[in-house]
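# Based on what follows, work out the 3D shape:
(chains A and B)
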There are 2 protein chains.
Amino acid sequence: MTTSLPTSARSASPLGLHRVLDPPGVLPQAAWRLDPSPAIAPDEVRVRVDRLNLDAASYRQLRETYAGDADKIRAAVLEIIATRGKMQNPVTGSGGMLTGTVEEVGPGSPLGLAPGQRIATLVSLTLTPLLITDALRRWDGQSEQIPCEGHAILFARSIAAVLPDDLPVPLSLAVMDVCGAPALTSRVVKEGNIAVIIGAAGKSGSLSAAAARRAGASTIIGVVPAEAEAALLREAGAGLVDEIVIADARDPIGLAEKIEKAGGPADVTVVCVDAAGCEGGAILSTKQGGTVIFFSMATSFSAAALGAEGLAADVTMLVGNGYVPGHAEFALDLLRTMPAVRALFERRVES
Amino acid sequence: MTTSLPTSARSASPLGLHRVLDPPGVLPQAAWRLDPSPAIAPDEVRVRVDRLNLDAASYRQLRETYAGDADKIRAAVLEIIATRGKMQNPVTGSGGMLTGTVEEVGPGSPLGLAPGQRIATLVSLTLTPLLITDALRRWDGQSEQIPCEGHAILFARSIAAVLPDDLPVPLSLAVMDVCGAPALTSRVVKEGNIAVIIGAAGKSGSLSAAAARRAGASTIIGVVPAEAEAALLREAGAGLVDEIVIADARDPIGLAEKIEKAGGPADVTVVCVDAAGCEGGAILSTKQGGTVIFFSMATSFSAAALGAEGLAADVTMLVGNGYVPGHAEFALDLLRTMPAVRALFERRVES
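Numbers count the residues shown, from 1 in each chain, chains lettered A, B, ... in the order given. The predicted structure follows:
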């Protein structure tokens, strides 16, 4: 790779390896510095950026480090992007996502985008080449939402979704943020299955319940931690879940007993709560031969593996993959067609 | 639960909840203290124990704490077992397994055992009620293998395997220790698949390669970290793998390029090395629509989930469950019938 050539003349990699400047040979996410030059390779797309949405952990770290001083926070984010060619907080390692308008599409891009479309990226900012041109001057530093001007580059294997016209942007973004969960749930749940959704009143949980319903589940048991969440589920309206169980998902025996009384154990259990220690309860609430899908980032790999072994549980355990082709469209369709999902989302999103 | 009743008169739980003394209501593995009384419930089995095999991490902690002093190590292990009713190192949280002879089988036990059979437990000592009667006096404290006398209790959902007559005990134990990996590999690999085994010269790796072969894989690519391991694989004999790739599995791009040259990417990739940071390489070495099975306890859940998303990789990712019905018999059969597997195991086990 010769960095003196314009980007467009280099051999492009679908993963964006040709944009990695330092250290050479690593994936863009692992790179210290990317090349955000505007000239695109034949399979790339350039996006005119209008908003960055920083990852919550990243924004919290910046705000705490600079004691909420807006100028210092703004300067720090600008410095990161200028130095690294991407928005990846060096302390937290995390990024976020962006919205913008498609500006130029290479003839070899497989993403199916067209100039003028308003999109959101569904891959992390940690691997997206980015260049800011307005010094972030419209950002007050008081929220993780950054109005801005500049451009970003999408690779052949980047993921982006067109923002629909019929939904408020914050609502669409909230759906897209968790859209892997319903897509994978839909693949796994079969007609007539009993499904348990742990965290059913949350964003990924309510969409997963809707996906299980759509896939033909005969009984959907929604687990929530407290009466307030149960009330949310009930108010959202009929049809999302058949049974509501209030339980501490970290207590395996308590959870499994309540699930059994509510019509379980499950053919498929979907874990959508970000609490640590839910592995045993999920496993114990699932039939022999059933499947547990872990969507919580608080999942411990070893707790799941050793837990199933210790319980002699013949269950298939899936790592929730945030990417399933068509996931954003599928999740938006669930929101549009199932009023209970939309009601839950609207309560959780300030739109 | 009334602890003054004899165990046999209590209502037995298949998970052993009736043996939990403190704190009440938790699973035996999470309990501080179990009841190791010899009287069995109708679905339990009592085993005359002849050997404990401490988990490596537990033994290392004990040896280091007591600076290798045999009397102190022995006293510490005895104290743990007497206090807790099980061998669970309070510092490491880990246990190990045991061998012994079946002494009494309750009429309702589903384990299929008969008095007089020599068995090994395949569930952890951390959840197995245990009582020692010989003060461990035959143990020199110099290894994690503890010859002893006493008894242990198996629950309805415990797992035990009969030690075969035709194989040396250390060889059988080494196979049983990793027997979940080939069993799950065998379920996932389909006729004609390309399989990549990362860590193919190791115990779980060689058995997984054998299972992939048995399941009809058309090409098996074995990944090893260095020439010495490649030589082991070659010397083991024909048929275990079709291609040998020497690569650092922590380098995603390097690994994926070598896998592609060797005939990949894979339909099924099996990760059997205990190194951290292999998630990206495994994902990138697998076809869209393929499956990655993670058997390494060094697997990071979030690295797998976010890695697949960042690579827009539509791969199914499985948490390697150590329990699959019939796993021990299946793995022992692979060892018996595939000379290459046996050769690799015999080099790794002092039998």
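
# Get me the contact residues on the stretch 201-350 of chain A for chain B.
Contact residues (C-beta under 8 Å from any C-beta of the partner chain) of the stretch 201-350 of chain A with chain B: A:252-254, A:280, A:294, A:297, A:299-302, A:304-306, A:308-325. The way it works is simple: take the backbone N, C-alpha and C, and place the C-beta from them, glycine included.

# Quick one: buried ones out of those?
Neighbour counting with 16 or more other C-beta atoms under 10 Å in any protein chain shown marks A:252-254, A:280, A:294, A:299-301, A:304-306, A:308-324 as buried within those.

# How far off centre is the longest helix seen in chain A?
The longest helix of chain A (DSSP state H) is helix A:70-84. Helix A:70-84 sits 24 Å away from the centroid of its parent chain (C-alpha atoms, centre = their mean, to the nearest Å).

# for it, packing partners?
strand A:33-34, helix A:56-65, strand A:130-132 (3 or more C-beta pairs under 8 Å, 6 or more residues apart in numbering or on different chains; DSSP states H and E).

# Out of the buried ones among the residues of the stretch 201-350 of chain A next to chain B, name the ones that lie in helices.
Here DSSP H is the test, and those give A:252, A:253, A:254, A:280, A:301, A:304, A:305, A:306, A:308, A:309, A:310 as lying in helices.

# What segments of chain A are strands?
Listed in chain order, the strands of chain A (DSSP state E) span A:20-22, A:33-34, A:45-54, A:96-105, A:118-121, A:130-132, A:145-154, A:160-162, A:194-198, A:219-224, A:243-246, A:266-271, A:286-294, A:316-319.

# ok, the residue nearest to residue A:89 when sequence neighbours are not counted - contacts?
Nearest non-adjacent residue to residue A:89, counting by C-beta to C-beta, 6 or more residues apart in numbering or on different chains: residue A:58, 3.9 Å away. Residue A:58 is in contact with A:89, A:92, A:94, A:95, A:96, A:144, counting by C-beta atoms under 8 Å, 6 or more residues apart in numbering or on different chains.

# who wins for most neighbours among these?
residue A:95 (25 neighbours; other C-beta atoms under 10 Å in any protein chain shown).

# what's the closest of the ones in helices among the buried ones among the residues of the stretch 201-350 of chain A next to chain B to residue A:261?
Residue A:261 lies nearest to residue A:254 out of those, by C-beta to C-beta, at 11.2 Å.

# So that closest one sits against residue A:260, correct?
No: Residue A:254 is not in contact with residue A:260 according to C-beta atoms under 8 Å; the separation is 11.1 Å.

# what does the stretch 51-200 of chain A have sitting close to chain B?
So the stretch 51-200 of chain A meets chain B at A:122, A:123, A:124, A:126, A:127, A:157, A:158, A:159, A:180 (C-beta under 8 Å from any C-beta).

# Residue A:43 - how many residues pack around it?
By other C-beta under 10 Å, neighbour count at residue A:43 equals 20.

# on that earlier part again, mind checking which of the strands of chain A is nearest residue A:347?
Comparing the strands of chain A by C-beta to C-beta, strand A:219-224 comes nearest, at 13.9 Å.

# residues contacting residue A:45?
Listed by C-beta under 8 Å, 6+ apart, the contact set of residue A:45 reads A:102, A:104, A:105, A:106, A:109, A:111, A:113, A:153, A:154, A:158, A:160.

# you'd agree residue A:33 is up against residue A:80?
No: in this structure residue A:33 lies outside contact range of residue A:80 using C-beta under 8 Å: 10.9 Å.

# Looking at the two, which is more packed in?
Comparing residue A:33 with residue A:80 by other C-beta under 10 Å, the one with more neighbours is residue A:80, at 19 against 14.

# In stretch A:111-120, which residues are buried?
Under 16+ other C-beta under 10 Å, the buried positions of stretch A:111-120 are A:111, A:113, A:117, A:118, A:119, A:120.

# Using CSV, lay out the residues you listed together with pLDDT.
Shown next, in CSV, are those (pLDDT from 0 to 100):
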residue, pLDDT
A:111, 94
A:113, 97
A:117, 97
A:118, 97
A:119, 97
A:120, 96
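
# now these in a markdown table, with distance to residue B:191?
What follows is these, written out as a markdown table (distance: C-beta to C-beta, whole Å):
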| residue | distance to residue B:191 |
| --- | --- |
| A:111 | 34 |
| A:113 | 39 |
| A:117 | 43 |
| A:118 | 46 |
| A:119 | 41 |
| A:120 | 41 |
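
# Looking at those residues, which is nearest chain B?
residue A:111 (9.9 Å; C-beta to the nearest C-beta).

# what sits against that closest one?
Counted by C-beta under 8 Å, 6+ apart, residue A:111 has contacts A:45, A:105, A:154, A:156, A:158, A:160.

# ok, the first one to residue A:309 distance?
When distances are taken as C-beta to C-beta, to the nearest Å, residue A:45 and residue A:309 turn out to be 46 Å apart.

# ok, now residue A:114?
Distance, residue A:114 to residue A:309, by C-beta to C-beta: 51 Å.

# pLDDT value on the closest residue in space to residue A:122 that isn't next to it in sequence, please?
Excluding the flanking residues, the one nearest residue A:122 by C-beta to C-beta, 6+ apart is residue A:159, at 4.1 Å. The pLDDT attached to residue A:159 in the predicted structure is 92.

# Quick check: residue A:300 touching residue A:276?
Yes: using C-beta under 8 Å, residue A:300 is in contact with residue A:276, at 6.9 Å.

# Name the residues of the longest helix of chain A that come out as buried.
Result for helix A:70-84 [16+ other C-beta under 10 Å]: buried residues A:73, A:74, A:76, A:77, A:78, A:80, A:81, A:84.

# tell me which of these is nearest to chain B?
Closest approach to chain B among those (C-beta to the nearest C-beta): residue A:84, at 15.8 Å.

# what's the closest non-adjacent residue to the closest one?
Leaving out its chain neighbours, residue A:84 is closest to residue A:33 (C-beta to C-beta, 6+ apart), at 5.4 Å.

# again, but for residue A:78
Distances taken as C-beta to C-beta, 6+ apart put residue A:136 closest to residue A:78, at 5.8 Å, once the chain neighbours are dropped.

# mind checking how far the most centrally placed residue in chain A is from residue B:16?
Centroid check for chain A by C-alpha atoms, centre = their mean gives residue A:177 as the closest residue, at 3.7 Å. As judged by C-beta to C-beta, residue A:177 and residue B:16 stand 41 Å apart.

# Check residue A:33 too.
Counting by C-beta to C-beta, the gap from residue A:33 to residue B:16 is 55 Å.

# cool, residue A:158 as well?
Distance from residue A:158 to residue B:16, by C-beta to C-beta: 50 Å.

# re earlier: was I right to think the residue nearest to the centre of chain A contacts residue A:171?
No: Residue A:177 is beyond contact range of residue A:171, at 10.8 Å (criterion: C-beta under 8 Å).

# so who does residue A:138 touch?
Residues in contact with residue A:138, defined by C-beta under 8 Å, 6+ apart, are A:147, A:148.

# now do 10 Å
Shown in contact with residue A:138 (C-beta atoms under 10 Å, 6 or more residues apart in numbering or on different chains): A:51, A:146, A:147, A:148, A:149.

# Where does pLDDT dip in the stretch 201-350 of chain A?
For the stretch 201-350 of chain A, the stretches with pLDDT under 70 are A:350.

# so who does the residue of the stretch 51-200 of chain A found nearest chain B touch?
The minimum distance from the stretch 51-200 of chain A to chain B, using C-beta to the nearest C-beta, falls at residue A:157 (4.4 Å). Going by C-beta under 10 Å, 6+ apart, residue A:157 touches A:13-16, A:43, A:110-111, A:123, A:127, A:323, B:288, B:310-313.

# The residue lying closest to residue A:17 once chain neighbours are set aside and residue B:311, how far apart?
Counting by C-beta to C-beta, 6+ apart, residue B:253 is the residue found nearest to residue A:17 once chain neighbours are left out, at 6.8 Å. Distance, residue B:253 to residue B:311, by C-beta to C-beta: 11 Å.
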